[in-house]
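Asker: Coordinates only, no sequence provided:
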């Protein structure tokens, strides 16, 4: 069932935040595995994706802790896909990364992977910024402000990586 974002309760909004962190951690885990198994010439990228996965898992654990403190048992009855007119769920085509690796285009694979990660982080950042703007509860607002800063760090790092990659491609 699709709902308007404005109809979310504070509990449902926090549940979606947890889902976002878990989704991103899973994507980074897949990308880290892919680069560690198939792109031995890019070990730092694999490590970077595993570090992002670890950070997202820590974020998720913090959100779960806050959720349980406030509401008791975790109930994930609503998902990002259920909310229309706000959340753009990024397309995660990890298979295209593997295809680029298989046809001998590791630079393309790196670019696609970084774009996937950047889309994930921008989506999360957009969500937390909206939550800061609309949440009345001071404790939750503070939590979402903290997550804006965390996701902004990830977004900034990915933008730097994508920029460096663009410069390197233009040189070749």
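Answerer: Arrived safely, thanks for sending. Every value quoted in this text rests on a predicted model; they were computed, and no experiment measured them. Numbers count the residues shown, from 1 in each chain.

Asker: what stretches of the chain score poorly on pLDDT?
Answerer: Along the chain, the parts satisfying pLDDT under 70 run over 1-5, 40-42, 76-92, 168-172.

Asker: Spell out, range by range, the strands that occur in it.
Answerer: According to DSSP state E, the chain carries its strands in the segments 3-4, 83-84.

Asker: Would you mark the buried spots in stretch 139-156?
Answerer: Buried positions in stretch 139-156, judged by neighbour count with 16 or more other Cβ atoms under 10 Å: 140, 143, 144, 147, 148, 150, 151, 154, 155. Every C-beta, even on glycine, is put in place using the N, C-alpha and C of the backbone.

Asker: which one of those residues is nearest residue 52?
Answerer: Closest approach between the buried residues of stretch 139-156 and residue 52, by Cβ to Cβ: residue 154, at 6.6 Å.

Asker: list the contacts for that closest one?
Answerer: 52, 55, 117, 121, 124 (Cβ atoms under 8 Å, 6 or more residues apart in numbering).

Asker: Report the separation between it and residue 134.
Answerer: 22 Å (Cβ to Cβ, to the nearest Å).

Asker: which one of the buried residues of stretch 139-156 sits closest to residue 29?
Answerer: After measuring the buried residues of stretch 139-156 against residue 29 - Cβ to Cβ - the closest member comes out as residue 154, at 15.1 Å.

Asker: Please verify my assumption that residue 38 contacts residue 98.
Answerer: Yes. In this structure, residue 38 is within contact of residue 98 by Cβ atoms under 8 Å, at 7.0 Å.

Asker: Common neighbours of these two, please.
Answerer: Common neighbours of residue 38 and residue 98 (Cβ under 8 Å, 6+ apart) do not exist.

Asker: Output the contacts of residue 154 as JSON lines; include the columns distance to residue 68 and neighbour count.
Answerer: Shown next, in JSON lines, are these (distance: Cβ to Cβ, whole Å; neighbours: other Cβ atoms under 10 Å):
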{"residue": "52", "distance to residue 68": "25", "neighbour count": "23"}
{"residue": "55", "distance to residue 68": "21", "neighbour count": "18"}
{"residue": "117", "distance to residue 68": "28", "neighbour count": "25"}
{"residue": "121", "distance to residue 68": "25", "neighbour count": "24"}
{"residue": "124", "distance to residue 68": "21", "neighbour count": "26"}
